[in-house]
Structures are given as structure tokens and as C-alpha cells.
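Undergrad: Sharing a model prediction with you, sequence too.
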Amino acid sequence: MNRTPRSLCAAAAVAFVLVGQAQAQLLNGDFSNGLTNWNPVGDASISSGAAFLTTAEAVLGLDDFPNPSFNVSGTSPLAANSGSGLEQSTGLVDGDANFGANPAFEGSGLSQTFSLLPAGLYQLSFTYNFFTNEVTAFDHAYVGINGTVYSFADTFDAIIASSPYNFETGPQNFIQVFTSTGPVTLSFGVADIASFDLTSAVLIDGITLTAIPEPSTYAALVGSLALGFVALRRRRAA
Ligand SMILES: [Ca+2]
Ligand SMILES: [Ca+2]
Ligand SMILES: [Ca+2]
């Protein structure tokens, strides 16, 4: 093969574009297009350009006080641990919405499945605010990455007095590093724990995925810099 430097540059540019496209396949992570590209279940809506999930029933008298004013969408949360409800509708399995040994009763969620290549380390980050009227149960909000679930906020993290919910965490950031092998399902949820009562909600926005260079990439970079330095010294010494 007789490649000129120009064709090598073109090949590198094509490779860069291909990698860039593959890494950017989470769509609408900032919810600027509403819930497009997401699979919403239960009481999922858009509030101030962010996803808003609640545990509030749409039907008067089923739970929550004052009911049903905390329900936004008119759709009720899905039952948890029910075989085809909250967890299984968002790429998880029954039990995933529980809070430790405390069972989830119902909740709402969002999920999106996409490809995240090349394989390697990625950082997931997003912002959230968790709201609750709960007083005793560990209602919580969680994120699942290919079925590994992280509870990022619960009743007892929400200590700032708020309205219309009694308490909130205030705006917070969540960061988690994980290894992608290609396909990724992100699952978000908020769940009532230990009873159907007393609504909790979560506002989620700014979901981003960033590739983290492998240590070998750093080593190669440092190595090439060192070679350049040696070459420079040799040239100066000559
Ligand atoms: Ca947004
Ligand atoms: Ca409820
Ligand atoms: Ca509750």
C-alpha cells in the first residue's frame, strides 16, 4: 500500500468521525425534545425542560394527600414486584426498585437502550432533585445501568423544606463510572417503598456519557511525548 500522509490524515479523520458517532448514541439526554427517544412508564412528564417522575396515583382516593394533585400526567404509577410492572417495563427485574430489604410498591420510570462504542470505561452523569412528602418510608430514586441499580436519593436525603412537596434534596449531581461492552440500557425510576402512600418525585436532567481514556492510552500518549522530547534533544545536540 502506498499511502501518502494526506490519505493517512483522511483515514484518521474518518475513524474519528465514526468513533464520535458511536459514542453519541444516547439521544435527548437533556430532554430538550420532551420525552422523545425515551420509554416513559407511569407518571412521567416534562417540567422546566427536565424529566419529572412521581409516585402519585391519578385516581382520587387511592393514595397520597392531597390526592390526586401530585399526579402530573394523568397516568398512574405502575405496580412494582408484579411481574410486568415498574421494573420489567424499564429494562430491570422485579426487586430492582426495592430499597434494600424494603419492598417497592409502585413507581414511575424512564428507560432508553442504545449502543455505546468503543467498548471501555464511561462516566454517566446527570443532575437531579428529589422531592418527598414521605415521613417514615425510604421512598427513593434510582438509576440502572444494564441492570445494576444505584439508589441516588431517598426520603432521608431530602432535608430542605419545600413546596408543594414537603422536602427536597435541592439540585444534586450524580456520577457513576461503568464499563460498556456495546449495548447499554439506562433505567431511571422513583418508587414508593413499604406502602402506596405519601408521594415522592424526582426531576432528572442533563444526562451525559463521556468516554474515559484507558490507562494504556495515557501511556501511549506519554510515550510519544517522551520520544518527541528525546528526538528534540538529539536534534539540538547534533
Ligand atoms: Ca433539560
Ligand atoms: Ca403512590
Ligand atoms: Ca411513599
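TA: Arrived safely, thanks for sending. Ligands and ions are numbered 1, 2, ... in the order given.

Undergrad: Return the residues of the chain in contact with ligand 2.
TA: Contact residues (Cβ under 5 Å from the ion) of the chain with ligand 2: 55, 63, 192, 196. Any C-beta I mention is one placed from the backbone N, CA and C, and that applies to glycine too.

Undergrad: A helix includes the second one, no?
TA: No - under the criterion used here (DSSP: H, G, I helix; E, B strand; the rest coil), residue 63 is coil, not part of a helix.

Undergrad: Contacts only, for it.
TA: With contact set as Cβ atoms under 8 Å, 6 or more residues apart in numbering, residue 63 has these partners: 56, 57, 192, 195, 196, 197, 198, 199.

Undergrad: Identify the residue nearest it in space, chain neighbours excluded?
TA: Nearest in space to residue 63, with sequence neighbours left out and distances taken as Cβ to Cβ, 6 or more residues apart in numbering, is residue 196 at 4.2 Å.

Undergrad: Pretty sure residue 107 is one of the things that neighbour touches, is it not?
TA: No - Residue 196 is beyond contact range of residue 107, at 10.1 Å (criterion: Cβ atoms under 8 Å).

Undergrad: The two: which is more packed in?
TA: Taking neighbours as other Cβ atoms under 10 Å, residue 196 and residue 107 compare with residue 107 leading, 31 against 16.

Undergrad: Would you mind measuring from the closest residue to residue 41 other than its chain neighbours to residue 188?
TA: Computed as Cβ to Cβ, 6+ apart, the closest residue to residue 41 that is not its neighbour in sequence is residue 89, at 4.5 Å. Noted for residue 89: a distance of 12 Å to residue 188, by Cβ to Cβ, to the nearest Å.

Undergrad: now residue 207
TA: 9 Å.

Undergrad: and if you look at residue 30?
TA: Going from residue 30 to residue 188 by Cβ to Cβ gives 14 Å.

Undergrad: do the same with residue 53
TA: The spacing between residue 53 and residue 188, counted by Cβ to Cβ, is 7 Å.
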